[in-house]
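S.K.: Kindly generate the corresponding structure for this input.
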Amino acid sequence: MMTAKSFFTIGYEKTTPAAVLGELKRAKVKLLVDTRAVAASRRPGFSKRQLAAALDEQGIAYVHLQKLGTPAAGREAARSGDLDTLWRVYGEHIKTAAAQDALDELIVRRIFLETGADPLLEARRVLLLIHAVRVDAIVVGVQDIAEL
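M.R.: Predicted coordinates:
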């Protein structure tokens, strides 16, 4: 059995900060990458500063890569159920220099966090991340997940 690092997503719409933090701790998360274009929330505890502080208290690093988030037109399309427009808008956005720079930053952070990782396994994880950020998810890096 080979040990590998993985990307996971976590939602917070119908839960509490304590429940999310508990799941992150249980999964031994070391880094949470927030890819929301707007890292604000009407839900207490999930805005950027509050979330970063709570994560820090738990020993979990936080980074906000805002340029990987879905642009306003894509978020509007998602709210109205127009997924074709959402994917088109995000497809155009992810090709921009700013989004590509953010992806590069994420890859560099992953390399530093994952010394000794197999580059081919990491390439697959980057592809998964690209899919995850299309839906404006919060993406977390989980340490030492066994690959089957």
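S.K.: all strands for the chain, in order.
M.R.: In the chain, the segments counted as strands under DSSP state E are 2-10, 29-34, 61-64, 138-147.
S.K.: looking at those strands, which has the lowest confidence?
M.R.: Of all the strands of the chain, strand 138-147 carries the lowest average pLDDT, namely a mean of 44.
S.K.: Spell out the residue ranges of the helices in the chain.
M.R.: In order along the chain, the chain carries the following helices (DSSP state H): 17-26, 48-57, 72-79, 83-93, 97-113, 119-133.
S.K.: Redo these as CSV? Include distance to Val63, mean pLDDT and mean neighbour count.
M.R.: Quick note: C-beta positions are derived from backbone N, CA and C, even for glycine. Putting these into CSV (distance: least, C-beta to C-beta, whole Å; pLDDT from 0 to 100; neighbours: other C-beta atoms under 10 Å) gives the following:
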stretch, distance to Val63, mean pLDDT, mean neighbour count
helix 17-26, 14, 91, 15
helix 48-57, 9, 95, 15
helix 72-79, 21, 91, 16
helix 83-93, 19, 91, 16
helix 97-113, 7, 73, 15
helix 119-133, 13, 56, 15
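S.K.: Take those helices and write them to JSON lines, including distance to Gln66.
M.R.: Below are the helices of the chain laid out as JSON lines (distance: least, C-beta to C-beta, whole Å):
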{"stretch": "helix 17-26", "distance to Gln66": "20"}
{"stretch": "helix 48-57", "distance to Gln66": "9"}
{"stretch": "helix 72-79", "distance to Gln66": "12"}
{"stretch": "helix 83-93", "distance to Gln66": "12"}
{"stretch": "helix 97-113", "distance to Gln66": "8"}
{"stretch": "helix 119-133", "distance to Gln66": "11"}
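S.K.: For Thr9, find the nearest of those helices.
M.R.: helix 119-133 (5.1 Å; C-beta to C-beta).
S.K.: Next up, the contacts around Ala73.
M.R.: Going by C-beta atoms under 8 Å, 6 or more residues apart in numbering, Ala73 touches 85, 89.
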